[in-house]
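*Asks:* Predicted structure and sequence below. I'll ask about it afterward.
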Amino acid sequence: AQRGTTVGQFRYNSQTGKFEGRNQSGFATIEPYPLVSSVDDTEVDSAAGGDQTFVITGENFSSGDVVSFVGNDASEITATTTTIDSGTQITAVIPKSSFINSKEPYDVKVTKSTGLAQSLNDQINVDNSPTWSTAAGSLGTINDTARTGVSLNPTATDVDSDAITYTLVS
């Protein structure tokens with residue numbers, strides 16, 4: 001009853017909670033862009049196996065929204081499941097192996113069913129654990145009479161080429 005007939009008229013629909021505008025054939029809902037403000041986890045160990053769960057906060061989330069992650073080369077991977085917890089929170093699940101180190105950092109993108117989308121840039125980094133020559137346990141045996149000049153060298157390599165810092169405790 002509150003809708004007029006003038007093309008170009010805008011109004012707030014108190015039943016849907018959205019603005020609408022009058023075009024040539026009737027009123028159309030003006031859908032707001034999703035707003036992505038944060039993600040709870042910013043590190044993925046892609047070699048660990050299993051799934052990664054992300055909780056995304058923002059505004060204007062609604063049924064039908066989809067979460068994807070955009071690599072630095074513009075490639076896009078879509079979450080296996082996207083659950084709209086509320087208008088301000090989404091839970092997305094995706095296999096850890098979907099993330100490739102060379103494409104980090106990944107953007108977090110929410111796309112509405114209408115095609116409107118918004119991203120939070122450079123949020124997800126991929127970091128795999130280093131590989132140790134001796135991950136734990138004994139590095140060698142030192143005889144009581146030969147306690148000087150002994151060299152035990154634990155080594156590690158990192159597939160991400162990150163610097164490795166460690167402490168030898170004995």
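*Replies:* On my side now, so go ahead.
*Asks:* Spatially nearest residue to residue 40, not counting backbone neighbours?
*Replies:* residue 55 (4.3 Å; Cβ to Cβ, 6 or more residues apart in numbering). C-beta here means a position set from N, CA and C on the backbone, and glycine is covered the same way.
*Asks:* same question but for residue 142, I mixed them up
*Replies:* Nearest residue to residue 142 in three dimensions, chain neighbours excluded: residue 150, at 5.1 Å (Cβ to Cβ, 6+ apart).
*Asks:* and the residue of the chain most remote from its centre, which of the three is it?
*Replies:* Counting by Cα atoms, centre = their mean, the extreme residue of the chain relative to its mean C-alpha position is residue 145, 55.5 Å from that point. Of the three states, residue 145 takes coil under DSSP: H, G, I helix; E, B strand; the rest coil.
*Asks:* what pLDDT does it get?
*Replies:* Looking at residue 145, its pLDDT reads 71.
*Asks:* cool, and residue 119?
*Replies:* pLDDT recorded at residue 119 is 97.
*Asks:* That one: neighbouring residues, count only.
*Replies:* Using other Cβ atoms under 10 Å, residue 119 has 17 other residues around it.
*Asks:* quick one: the closest residue to residue 110 other than its chain neighbours from residue 65, how far?
*Replies:* Counting by Cβ to Cβ, 6+ apart, residue 110 lies nearest to residue 34, which is 4.2 Å off, once chain neighbours are set aside. Separation of residue 34 from residue 65 (Cβ to Cβ, to the nearest Å): 6 Å.
*Asks:* Mutual contacts of these two, please.
*Replies:* Each of 110-112 lies in contact with both residue 34 and residue 65 under the rule Cβ atoms under 8 Å, 6 or more residues apart in numbering.
*Asks:* can you tell me which of these lies nearest to residue 127?
*Replies:* Nearest to residue 127 out of the shared contacts of residue 34 and residue 65 is residue 110 (Cβ to Cβ; 24.0 Å).
*Asks:* Write down the beta-bridge partners of the closest one, one by one.
*Replies:* residue 67, residue 118 (DSSP bridges).
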